[in-house]
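Asks: Kindly generate the corresponding structure for this input.
(chains A and B)
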Amino acid sequence: MQDHDVQPSGLTRRRVLGGMGIASLALMSSRASAQQTVDLHVPGGPSTRTITTSYPQKGRMILQRSSPPWLETPFEVFDKGVFTPNDQHYVSWHWANFPGDIDVDSYRLTVRGQVNQTLSLSLTDILGLPRFDIAAVNECAGVSRIYFVPRVAGAQWANGSMSNAIWTGVRLKDVLDRAGVKPGAIQVRFGGLDEPVIPDTPKFLKSLTIDHARDGEVMIAFAMNGEQLPLLNGFPLRLVVPGWCAVYWIKMLNDIEVLDQPDTNYWTTTGYRVPDTPHNTVKPGETGFKMVPVTRNVPRSFITNIRNGDSVPAGTPASARGIAFGGDCGVARVDLSIDGGKSWQPTQLGADQGTYGFRQWQTQFTLPARGARTLMVRCTNTKNEAQPDFQIWNPAGYLFNTIETTHVVAA
Amino acid sequence: MLRAVLPMVGALGLVLLPHPGQAATITTLKSLKLDVPTSDAMFPAGPGSDAINNNCIACHSADHVLNQPSLSREAWQEVVNKMITAYKAPVSADDAKAIVDYLVRTKGAS
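Replies: Numbering: from 1, shown residues only, chains lettered A, B, ... in the order given. Take a look at the predicted model:
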């Protein structure tokens, strides 16, 4: 079995057939041109995007929006290992007013509200608290929205508004304990330095229940993959809510408010909502369902070494590999189908790098005869929740996790 | 085709991740002073382009809209309503109509 740990073992790991897809090859060979593009191959609207290297501390990224930045991780990055390099960790901001200039000496994190003692913590204070590491996927609730049929408005993310990192920071619980949470506290609300352009626009804030906030896993992170956070990923402090959608992972965190009343701000009561139905899915045009906030991530899996349109040899064993994650729990198994979902074969899972992180999988398969073939990959998480084989749809385009399909030609 | 791809794959294999550090290693953070790019791109000229340029690109660049899929008039109306009611964009009724018409004309779907 090949080494599927975090460190790709150089060339030996690249013997796998299939490799990079046609689109990636075209991308690489056009490196000399002034402006590279990537084709996301989706009907119903513009499908090409510019590849940008213009953003500070960021490498090659898919430009979904210039300002405030939406920068998507190019999909080929996910074939290199389970941890996304910091310079290709995706970027998403709601509001354009956030500083590019942050002084670590004067930065303060305030803890206020229903606490015995209001705190104003310096970064030195934070770095002096007991710290821990946790691997976790930071995934936008709107990931893969571009694949909704019919299409819906919103950030037109393909599969790259997700990234995995080892986060280093302190327990939110420890910081709350230092302030002393008063009896009657029910929620904790988080805000960052980002401000809307128009004063009346609702500031971006999100809340967790007091029990979730004190579960010992929710982190105030000051590092990812062993380095301080890139500015665009929330330097100097970011909330990490393992297993939950990235909307909760407040960047440039500077304000923690303990509440004894339910949070009534727009982002908690109105924004980021999905139908309260199985798989949060409804039929287009359907009405009469209750809406609830997005919370947990859902299981996903991807083939990363074979892309749509690739040629795979018929009659001889080939390798497939990729990544999976369980959402708000671990990966139990990943299965591959080479016959369009009629039958499934188990794959071998790589090392467990953390419950909330990506896990690599790999397997051998043999396409029996020449012709068009459909590969599918399905993650089942440790709560025995599997990716659905039907098309997920909801009005705002959240929590897509339909089984991925890769069309190849056996030759 | 497949063979042609392989050398490229090998070259990419050399791009390795730095090994993630341990929790104990970071002792200080360094201040940052960085320029984050913005965009001054305008919407393609046409009926209503003044209205959409004047009302929309203060909060987000034009590519936010230009990358959207083709949508029905009803869906575009809903988007513009959301900007006004949820996000408090100060858009006059006349401009809102001109913006919806512009979007339907340039990015409409039945």
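Asks: Other residues contacting stretch A:114-126?
Replies: Outside stretch A:114-126, the residues that touch it by CB atoms under 8 Å, 6 or more residues apart in numbering or on different chains are A:104-105, A:107-112, A:169-170, A:175-176, A:178-182, A:184-185, A:220, A:222, A:236-237, A:258-260, B:29. All C-beta spots, glycine's among them, are computed from the backbone N, C-alpha and C.
Asks: Find the nearest non-adjacent residue to residue 84, please.
Replies: All of this is about chain A. Leaving aside its sequence neighbours, A:T84 sits nearest to A:S163 (CB to CB, 6 or more residues apart in numbering or on different chains; 3.8 Å).
Asks: looking at chain B here, not the other one
Replies: Using CB to CB, 6+ apart and skipping the chain neighbours, the partner closest in space to B:I84 is B:V91 (5.4 Å).
Asks: follow-up on the earlier one: are we agreed that the residue nearest to A:T84 is in a strand?
Replies: Yes. Counting by DSSP: H, G, I helix; E, B strand; the rest coil, A:S163 is found in a strand.
Asks: Would you mind measuring from it to chain B?
Replies: A:S163 is 12 Å from chain B, where distance means CB to the nearest CB, to the nearest Å.
Asks: interface residues of the stretch 201-350 of chain A facing chain B?
Replies: A:201-202, A:222-223, A:225-228, A:231-232, A:235-236, A:266, A:270-271, A:310-313 (CB under 8 Å from any CB of the partner chain).
Asks: could you flag which of these are buried?
Replies: Buried members of these, counted by 16 or more other CB atoms under 10 Å in any protein chain shown: A:201-202, A:222-223, A:225-228, A:231-232, A:235-236, A:266, A:271, A:310-312.
Asks: Mind checking which of those are in strands?
Replies: Judged by DSSP state E, these include A:222-223, A:227-228, A:311-312 as members of strands.
Asks: Tell me which two of those residues sit farthest apart.
Replies: A:F222 and A:S311 (46.1 Å; CB to CB).
Asks: Distance check, the residue in the stretch 151-300 of chain A positioned nearest to chain B against A:F83.
Replies: Nearest to chain B in the stretch 151-300 of chain A, going by CB to the nearest CB, is A:G226, at a distance of 2.2 Å. Separation of A:G226 from A:F83 (CB to CB, to the nearest Å) stands at 10 Å.
Asks: How about A:K283?
Replies: Applying CB to CB, the value for A:K283 to A:F83 is 38 Å.
Asks: If you count surrounding residues, which of the two has more?
Replies: Taking other CB atoms under 10 Å in any protein chain shown, A:K283 and A:F83 do not tie; A:F83 has more neighbours (24 against 7).
Asks: pretty sure that one contacts A:V137?
Replies: No. Using CB atoms under 8 Å as the test, A:F83 is too far from A:V137 to be in contact (10.2 Å).
Asks: and the closest residue to A:Q261 other than its chain neighbours, how many residues sit next to it?
Replies: Spatially, and ignoring its direct neighbours in sequence, A:Q261 is nearest to A:I186 (7.4 Å; CB to CB, 6+ apart). Each residue near A:I186 was counted by other CB under 10 Å, and the total is 15.
Asks: Now do residue 34, the pLDDT please.
Replies: Reading this off chain A. As predicted, A:A34 sits at a pLDDT of 57.
Asks: look at chain B instead
Replies: 98.
Asks: circling back to that earlier point, please list all residues in contact with the residue nearest to A:T84.
Replies: A:S163 neighbours (CB under 8 Å, 6+ apart): A:73, A:84, A:88-90, A:137-139.
Asks: Reformat these as a markdown table; add neighbour count, secondary structure and pLDDT.
Replies: Formatted as a markdown table, those follow (neighbours: other CB atoms under 10 Å in any protein chain shown; DSSP: H, G, I helix; E, B strand; the rest coil; pLDDT from 0 to 100):
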| residue | neighbour count | secondary structure | pLDDT |
| --- | --- | --- | --- |
| A:T73 | 25 | coil | 98 |
| A:T84 | 24 | coil | 98 |
| A:Q88 | 21 | helix | 98 |
| A:H89 | 26 | coil | 98 |
| A:Y90 | 28 | coil | 98 |
| A:V137 | 23 | strand | 98 |
| A:N138 | 28 | strand | 98 |
| A:E139 | 26 | strand | 98 |
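Asks: I'd like to know which of those residues is nearest to chain B.
Replies: Of all those, A:T84 has the smallest distance to chain B: 8.6 Å, by CB to the nearest CB.
Asks: My guess is the closest one contacts A:T73. True?
Replies: Yes. If you go by CB under 8 Å, A:T84 and A:T73 touch, sitting 6.1 Å apart.
Asks: who's in contact with A:P196?
Replies: A:94-95, A:97, A:202-204, B:59, B:87.
Asks: meant to ask about A:A165, not that
Replies: Residues near A:A165 by CB under 8 Å, 6+ apart: A:83-84, A:86, A:89, A:135-136, A:138, A:224-225, B:20.
Asks: State the helix or strand in which the closest residue to A:R171 other than its chain neighbours lies.
Replies: Leaving aside its sequence neighbours, A:R171 sits nearest to A:G216 (CB to CB, 6+ apart; 5.7 Å). Using DSSP states H and E, A:G216 sits in no helix or strand.
Asks: can you give me the helices for chain B?
Replies: Ranges of helices in chain B, per DSSP state H, are B:2-12, B:49-56, B:62-66, B:73-85, B:93-107.
Asks: which residues of chain B score low on pLDDT?
Replies: Applying pLDDT under 70 to chain B flags the ranges B:1-24.
Asks: make it 80
Replies: Across chain B, the ranges flagged by pLDDT under 80 are B:1-24, B:110.
Asks: center of it, which residue is that?
Replies: Nearest to the geometric centre of chain B sits B:H64, at 2.9 Å (CA atoms, centre = their mean).
Asks: Distance-wise, check that residue relative to chain A.
Replies: Separation of B:H64 from chain A (CB to the nearest CB) stands at 5 Å.
Asks: what's the overlap in contacts for A:T84 and A:T73?
Replies: Between them, A:T84 and A:T73 share the contacting residues A:90, A:163, judged by CB under 8 Å, 6+ apart.
Asks: Which residue is the nearest non-sequential neighbour of A:R151?
Replies: Per CB to CB, 6+ apart, closest to A:R151 is B:P69, 3.6 Å.
Asks: no no, A:V82
Replies: A:F358 (4.1 Å).
Asks: Setting aside sequence neighbours, what's the nearest residue to A:K290?
Replies: A:D276 (4.3 Å).
Asks: just checking, that neighbour touches A:P293?
Replies: No. Applying CB under 8 Å as the test, A:D276 and A:P293 come out as separate, 9.9 Å apart.
Asks: Compare those two and say which is more crowded by neighbours.
Replies: A:P293 (20 against 12).
Asks: pLDDT score assigned to the more buried one?
Replies: On pLDDT, A:P293 comes in at 97.
Asks: returning to that earlier point: I'd like to know which of the contacts of stretch A:114-126 are buried.
Replies: Among the contacts of stretch A:114-126, those classed as buried by 16+ other CB under 10 Å are A:104, A:107, A:109-111, A:169-170, A:175-176, A:179, A:181, A:185, A:220, A:222, A:236-237, A:258-259, B:29.
Asks: Quick one: the helices in the stretch 251-400 of chain A, in order.
Replies: Along the stretch 251-400 of chain A, counting by DSSP state H, counting those that start in this stretch, helices occupy A:266-269.
Asks: how close does the residue of it found nearest chain B sit to A:L176?
Replies: Ranked by CB to the nearest CB, the top residue of the stretch 251-400 of chain A for proximity to chain B is A:S311, at 5.0 Å. In this view, A:S311 and A:L176 are 56 Å apart by CB to CB.
Asks: Just the C-alphas of stretch A:250-270, formatted as CSV.
Replies: In CSV, the C-alpha atoms belonging to stretch A:250-270 read as follows (Å, rounded to 0.1, in the frame of the first residue of the first chain):
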residue,chain,number,x,y,z
ILE,A,250,-14.9,34.4,13.0
LYS,A,251,-11.7,36.0,11.6
MET,A,252,-9.7,38.8,13.2
LEU,A,253,-11.6,37.9,16.4
ASN,A,254,-11.6,40.8,18.8
ASP,A,255,-14.9,40.6,20.6
ILE,A,256,-16.5,37.9,22.7
GLU,A,257,-19.8,38.8,24.3
VAL,A,258,-21.6,36.4,26.7
LEU,A,259,-25.4,36.8,26.4
ASP,A,260,-28.3,36.0,28.7
GLN,A,261,-30.8,36.5,25.9
PRO,A,262,-31.0,34.8,22.5
ASP,A,263,-28.8,36.6,19.9
THR,A,264,-31.1,38.5,17.6
ASN,A,265,-28.6,39.8,15.1
TYR,A,266,-29.2,39.3,11.4
TRP,A,267,-26.6,36.6,10.9
THR,A,268,-28.0,34.4,13.6
THR,A,269,-31.8,34.9,13.0
THR,A,270,-32.0,35.4,9.2
